[in-house]
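Peer 1: Sequence first, predicted model second:
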Amino acid sequence: MEMASRVEIDEDSDNNKGSMWDLDQKLDQPMDEEAGRLRNMYREKKSSALLLLRLAFQSLGVVYGDLGTSPLYVFYNTFPGTIEDPEDVVGALSLIIYSLTLIPLLKYVFIVCKANDNGQGGTFALYSLLCRHAKIKTIPNQHRTDEELTTYSRSTFHEKSFAAKTKRWLESHVFRKNALLILVLVGTCMVIGDGILTPAISVLSAAGGIKVDRPHISNGVVVVVAVVILVGLFSMQHYGTDRVSWLFAPIVLLWFLVIGGIGIFNIWKYDSSVLKAFSPVYIYRYFKRGGKDGWTSLGGIMLSITGTEALFADLAHFPVSAVQLAFTVVVFPCLLLAYSGQAAYLMSHRDHVVDAFYHSIPDSIYWPVFVIATAAAIVASQATISATFSIIKQALALGCFPRVKVVHTSKKFLGQIYVPDINWILMVLCIAVTAGFKNKSQIGNAYGTAVVVVMLVTTLLMTLIMILVWRCHWIIVFLFTGLSLVVECTYFSAVLFKVDQGGWVPLVIAAAFLLIMYVWHYGQVKRYEFEMHSKVSMAWILGLGPSLGLVRVPGIGLVYTELPSGVPRIFSHFITNLPAIHSAVVFVCVKYLPVYTVPEEERFLVKRIGPKNYHMFRCVARYGYKDLHKKDDDFEKKLFDSLFLFVRLESMMEGCSDSEEYSLYGQLQNERSGEGILNNGIGNTISSGFDTTISSVDSIVPANANSTIVSSGQATETDELEFLNSCRDAGVVHILGNTVVRARREARFYKKIAIDFIYAFLRKICRENSVIFNVPHESLLNVGQIFYV
């Protein structure tokens, strides 16, 4: 009865929020409430106070590095010229205080972080949540049985509820689905922009400390030092952070304590009156006195909350309570003290606004603080680069990014990955930004543009999350969305004034990545639609007879297809052009679902196609957007283990009456063997050797036809297993479709440009399927064909 890692939670689980269920525990009734989030294996532990403190400490190094290094450059970007009036410093400090309170503290730490997808944060995590609650995925390759995964949880709606109406509104038009996808892609592209700009501004600002203590050093030397650090940082990415990540949290904690301590010292030494900035009255006075210049300075104030989106994107591996504790106890107080201390110093030294942070450091500890600042900037950059790799992997899994190599750098942590192609692109662009601008102000303007756009995207997605997932009352949704948009649109309007002063950089970078991602996704959707419409009818297959009208040669043919149901067109193309086919044929579909991960024992779905003497099967391998897709001997072994177990279980259920339904998945819980794992979560009812519940395309023989179909030539279970084993020993051949996608002659010109030039170019430079699947060349067979879309 036991099934490892299978967690199903009964309705009493509401009383156990925050607890972590033993992964071997099997309870009776699954719960479908997303708000409870109790079905998945990765529940937060109801931790002891000591464990919670340890996790909060560790989260500092991963989550808060970017936010913590903002004091290096905020005041300079707020006052790029000179400070006219000391009261302006108080007004700017007041804006920083309330920006930190409203956006990172209230919005992100206490609201947005709770919208994580089984612990995963970021734009695509929110999109995956929405895809589970509404049919908005643009590639419709999901099946109703995917919803039975232990990591697949969603809410159900009352037919007349506001959530149900919103769901129907989203699903009713393809345009709305595409608009939502474009919104997600825009947010993703801006996060990639963050991955370029964060290392540039953080490292350049940290390296600028050299010039403060040694004024004779030219700005060019500072830029060279920053570029050397950046080249070293990106060059070390392929080693991963597993060996040095234990240093990140102590470095960042030390950084926060140092800037907090310096802040207290400066407040005490220079001007404690800056603490009056906690009154919002000074914000009003600041805008009244500054006019348009005061308004545009919001672009600099905006930089005080950069890293907030990275906070959400890097949420994985830490419970929300630990992130909240770290922010409220360490990060928030230390940042307020740091900014207040700099403001107190600037009240007395208005001409030191350039590199205000370094100028405000006491001489006796200057160089130790410089070293800590540089180390903190590197940690912040590393966190952002890692978040960029992570979001590229998610985009890749959802069919929104060209196939690139993804390397897992840690055996312990699934989320630590390295994407070589993206790494070098980021490095080149980052160095170009650093060396090209040579100016923190222009890079800061660019950075602010990227950050505010990502925040706007998150707000719009959170609105849908609150309606569809949390099912909040519309008044609460309206208040959250309204307040967030007022604050963020205010910042956005200020950032628009600085588009010509560097703000254009993330817009150009995002536009380039958006074009690549959307055209790739468009091409993938059109390919899938074409394959769906041109798949082979089962009647035609059956009409060929058990030999398929060909010579059946020893061996197993693995035919890779994107279709989770039906026989793909490449198969008919293959058998009409070649005189032979393998004795056993398995159609392999690898598909990604909008879930964080698919447990190993639920990975494969196996079913039979046609009568037994055809020896044709389908295997669907399902992955989550964080899973590593390993097409190696281990994958092949698990596939065949699942196939053999399917044959055994199918034979066991043949004697059952036709009126009863039996799920292989349920049977597996009772008959699970150590040789292989099969999850037929599809609910495939195996009766008389046929699947009668999937589609008429796959099975056109009625369940009660057992007596007529089971002919004298049909093998027994043992014979079939021996037959499949002998086929496997004879050799496994991987059959892949080498497809060329072209636009129809009558297609519009923009479609021809997208398909014939951009998509064709991307397919040419991206990795081949055979490389992705790790197929040995000696057992690879490509089937060429052209699709016109």
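Peer 2: Thanks, I have it. What you are looking at is a predicted structure, and each value in this text was computed from that prediction instead of being measured.

Peer 1: Now do residue 228 against residue 208, distance only.
Peer 2: Noted for residue 228: a distance of 14 Å to residue 208, by CB to CB, to the nearest Å. Where C-beta positions appear, they are placed from N, C-alpha and C, glycine not excepted.

Peer 1: Could you check which of the two is surrounded by more residues?
Peer 2: Neighbours were counted for residue 228 and for residue 208 using other CB atoms under 10 Å; residue 208 has more, 24 against 12.

Peer 1: Let me know the distance separating that one from residue 359.
Peer 2: From residue 208 over to residue 359 the distance is 11 Å, taken as CB to CB.

Peer 1: Then residue 449?
Peer 2: 27 Å.

Peer 1: For the two, indicate the residue with more neighbours.
Peer 2: Ranked by neighbour count (other CB under 10 Å), residue 449 and residue 359 place residue 449 first, with 28 against 18.

Peer 1: Please name the nearest non-neighbouring residue to the more buried one.
Peer 2: The shortest distance from residue 449 to any non-neighbouring residue, by CB to CB, 6 or more residues apart in numbering, is to residue 503 (4.3 Å).

Peer 1: Isn't the one you found up against residue 450?
Peer 2: No - counting by CB atoms under 8 Å, residue 503 stays clear of residue 450, with 9.0 Å between them.

Peer 1: what about those two, which has more around it?
Peer 2: residue 450 (28 against 22).

Peer 1: Three-state assignment for the more buried one, please.
Peer 2: At residue 450 the chain is in helix, as set by DSSP: H, G, I helix; E, B strand; the rest coil.

Peer 1: Give me the pLDDT value at it.
Peer 2: Listed pLDDT for residue 450 reads 87.

Peer 1: Show me how far stretch 611-631 is from its chain's centre.
Peer 2: Put simply, stretch 611-631 sits 23 Å off its chain's centre (CA atoms, centre = their mean, to the nearest Å).

Peer 1: which SS class is residue 735?
Peer 2: Applying three-state DSSP: residue 735 is strand.

Peer 1: Residue 461 versus that one, what's the distance?
Peer 2: Between residue 735 and residue 461 the distance is 40 Å, computed by CB to CB.

Peer 1: Look through every helix and strand of the chain and give the one with the lowest mean pLDDT.
Peer 2: Every helix and strand of the chain was ranked by mean pLDDT, DSSP states H and E. The lowest is strand 686-687, at a mean of 30.

Peer 1: Look up phi and psi at residue 167.
Peer 2: The phi and psi values for residue 167, taken as degrees, to the nearest 10, are phi -60, psi -50.

Peer 1: Excluding chain neighbours, what is closest to it?
Peer 2: Nearest non-adjacent residue to residue 167, counting by CB to CB, 6+ apart: residue 134, 4.6 Å away.

Peer 1: residues touching that neighbour, list them.
Peer 2: 167, 170, 171, 468 (CB atoms under 8 Å, 6 or more residues apart in numbering).

Peer 1: in stretch 579-595, what's buried?
Peer 2: By 16 or more other CB atoms under 10 Å, the buried positions in stretch 579-595 come out as 581-595.

Peer 1: Mind telling me the two of those residues farthest from one another?
Peer 2: 583 and 594 (37.1 Å; CB to CB).

Peer 1: And for residue 238, the neighbour number?
Peer 2: 11.

Peer 1: Then residue 753?
Peer 2: Residue 753 has 14 neighbouring residues, counting by other CB under 10 Å.

Peer 1: can I assume it sits in a helix?
Peer 2: Yes - secondary structure of residue 753 (three-state DSSP): part of a helix.

Peer 1: Following the chain onward from the host helix or strand of residue 95, which element is next?
Peer 2: Using DSSP states H and E, residue 95 falls within helix 86-100. Where DSSP H and E defines the elements, the next helix or strand beyond helix 86-100 is helix 123-133.

Peer 1: which helices and strands does that following helix pack with?
Peer 2: The helices and strands touching helix 123-133, judged by 3 or more CB pairs under 8 Å, 6 or more residues apart in numbering; DSSP states H and E, are helix 174-207, helix 366-397, helix 440-468.

Peer 1: Show residues contacting that helix.
Peer 2: For helix 123-133, using CB under 8 Å, 6+ apart, the contacting residues are 34, 115-117, 120, 136-137, 147, 152-155, 167, 180-181, 184, 187-188, 191, 313, 391, 394-395, 398, 454, 457-458, 461-462, 464-465, 468-469, 594-596, 625.

Peer 1: Can you select the buried ones from those in ChimeraX?
Peer 2: Filtering these down to the buried ones (16+ other CB under 10 Å) takes a single ChimeraX command:
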select :34,115,116,117,120,136,137,152,153,154,155,167,180,181,184,187,188,191,313,391,394,395,398,454,457,458,461,462,464,465,468,469,594,595,596,625
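
Peer 1: And the pLDDT at residue 661?
Peer 2: 34.

Peer 1: Actually, residue 707.
Peer 2: 34.

Peer 1: now do the one 3 residues further on
Peer 2: Taken from the predicted model, the pLDDT recorded for residue 710 is 38.

Peer 1: ok, now the one 10 residues further on?
Peer 2: At residue 720, the pLDDT value in this model is 82.

Peer 1: which strands and helices sit next to the helix or strand it falls within?
Peer 2: Residue 720 belongs to helix 717-730 when elements are defined using DSSP H and E. With contacts defined as 3+ CB pairs under 8 Å, 6+ apart, helix 717-730 has these neighbours: strand 551-561, strand 580-592, helix 633-652.

Peer 1: can I get the contacts of residue 134 in CSV with distance to residue 348 and pLDDT?
Peer 2: What follows is those, written out as CSV (distance: CB to CB, whole Å; pLDDT from 0 to 100):
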residue, distance to residue 348, pLDDT
167, 59, 86
170, 56, 87
171, 61, 85
468, 53, 90
